[in-house]
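turn this into a model:
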Amino acid sequence: MAVSQHIWHCGAGLPGDVLITDLRAYRYGPHFHDAWSIGAIDYGACAFTVRDAPHLARAGDLVVIAPGDVHTGGTSETPLGYRMLYVEPSWLDDHARALLGTAAAFDGPVIRDPALCAQWLTALAPEDMDEPGRAERISAALFALLRGHARAAGPMASEDEDVCDQLRARMARDPACAPDLEALARAQARHRTTLVKQFARRYGLPPQAWLRNWRVARARELLRGGLPLADAAHAVGFADQAHMTRVFKQVYGSTPGVFRKASVAVRLP
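Purely as a prediction, here's the structure:
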């Protein structure tokens, strides 16, 4: 089991983070990102789930996963190489509105389009390039993806906020919080176990697992800004740096130290 290569490109002028990796008998557990995940499969095959539905992406395919969608990932039978962009939702939304006049949606996470995949592999190539040039390549690839495979997103269903929504909103506002699930359940005349199951059905993970994932997403922002590892761990509510490192690696396949080192390297003149 190994992740043999990780290269992160991070910078204030880029719309997110780029991950280039080679996986050997490696699996990611259930997790989510607060960004759009757009990946180009270079070689091998990726067996993964999104919202518990199984999928398989092969060389020449693109994988597109929306922010907040709980998914797994990893190798199938052979080594897997891919390049993944975690693109800020606002950046994708700006491109979608320019092209479609509204937010975008995709019919499925696997897009079989070898020519488009090749364009994305080039856009995310690990070569020296200034930030405007990199952003221009990614922007062109994003427009091509939207033009060929996106549709206008429908209106969001309006529902009255319930205790699950309130719990998620509270944890999102303050990742360092420690919500009292027992008290929340009692206030709604529910059993704690019922609340946990209802939350997991709606958001894909039980509340504590969702909160751990959200904490590393927020820690990633702090690390990108140059905050030391221990300070970032404390700021988002982890017990210590080691705890943050374990969860960070489960979600991103790399340690926060590797991520911060790449972020600092980009900021150096």
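
OK, contacts around the residue lying closest to Ala45 once chain neighbours are set aside?
Ranked by C-beta to C-beta, 6 or more residues apart in numbering and with sequence neighbours excluded, the top spatial neighbour of Ala45 is Ser76, at 3.9 Å. C-beta here means a position set from N, CA and C on the backbone, and glycine is covered the same way. Ser76 is in contact with Gly44, Ala45, Cys46, Ala47, Leu56, counting by C-beta atoms under 8 Å, 6 or more residues apart in numbering.

filter the residues you listed down to the buried ones, ChimeraX style.
In ChimeraX, this line selects whichever of the contacts of Ser76 come out buried by 16 or more other C-beta atoms under 10 Å:
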select :44,45,46,47
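
and which of the contacts of Ser76 is nearest to Ile65?
Closest approach between the contacts of Ser76 and Ile65, by C-beta to C-beta: Cys46, at 11.3 Å.

from what I can see the closest one touches Thr72, true?
No: judged on C-beta atoms under 8 Å, Cys46 makes no contact with Thr72 at a distance of 10.0 Å.

grab the nearest non-local neighbour of Val196.
The shortest distance from Val196 to any non-neighbouring residue, by C-beta to C-beta, 6+ apart, is to Pro206 (5.1 Å).

next: Leu56.
Ala47 (5.5 Å).

wait, is Ala115 part of a strand?
No: counting by DSSP: H, G, I helix; E, B strand; the rest coil, Ala115 falls outside a strand, being helix.

distance check, it against Ala123.
Using C-beta to C-beta, to the nearest Å, Ala115 is found at 13 Å from Ala123.

buried set for stretch 135-144?
Buried residues in stretch 135-144 (16+ other C-beta under 10 Å): Ala135, Arg137, Ile138, Ala141, Leu142, Ala144.

same check, this time on stretch 118-127
Gln119, Trp120, Leu121, Ala123, Leu124.

find the nearest non-adjacent residue to the residue nearest the centre of the chain, please.
For the chain, His33 is the residue whose C-alpha lies nearest the centre (C-alpha atoms, centre = their mean; 2.6 Å). Closest residue to His33 apart from its sequence neighbours, by C-beta to C-beta, 6+ apart: Tyr86 at 5.7 Å.

mind listing what's buried in stretch 52-70?
Using 16+ other C-beta under 10 Å as the test for burial, stretch 52-70 gives 55, 57, 59-70.

now render the contacts of Ser76 as a markdown table, adding secondary structure.
Formatted as a markdown table, the contacts of Ser76 follow (three-state DSSP):
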| residue | secondary structure |
| --- | --- |
| Gly44 | coil |
| Ala45 | strand |
| Cys46 | strand |
| Ala47 | strand |
| Leu56 | strand |
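
thought the residue nearest to Val196 was touching Phe199?
Yes: using C-beta under 8 Å, Pro206 is in contact with Phe199, at 6.4 Å.

more crowded one of these two?
In this view Pro206 and Phe199 are compared by other C-beta atoms under 10 Å, and Phe199 has more residues nearby, 23 against 15.

circling back to that earlier point, pLDDT and distance to Ala242 added to the contacts of Ser76, as JSON lines?
Below are those laid out as JSON lines (pLDDT from 0 to 100; distance: C-beta to C-beta, whole Å):
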{"residue": "Gly44", "pLDDT": "95", "distance to Ala242": "32"}
{"residue": "Ala45", "pLDDT": "94", "distance to Ala242": "34"}
{"residue": "Cys46", "pLDDT": "94", "distance to Ala242": "29"}
{"residue": "Ala47", "pLDDT": "94", "distance to Ala242": "30"}
{"residue": "Leu56", "pLDDT": "96", "distance to Ala242": "35"}
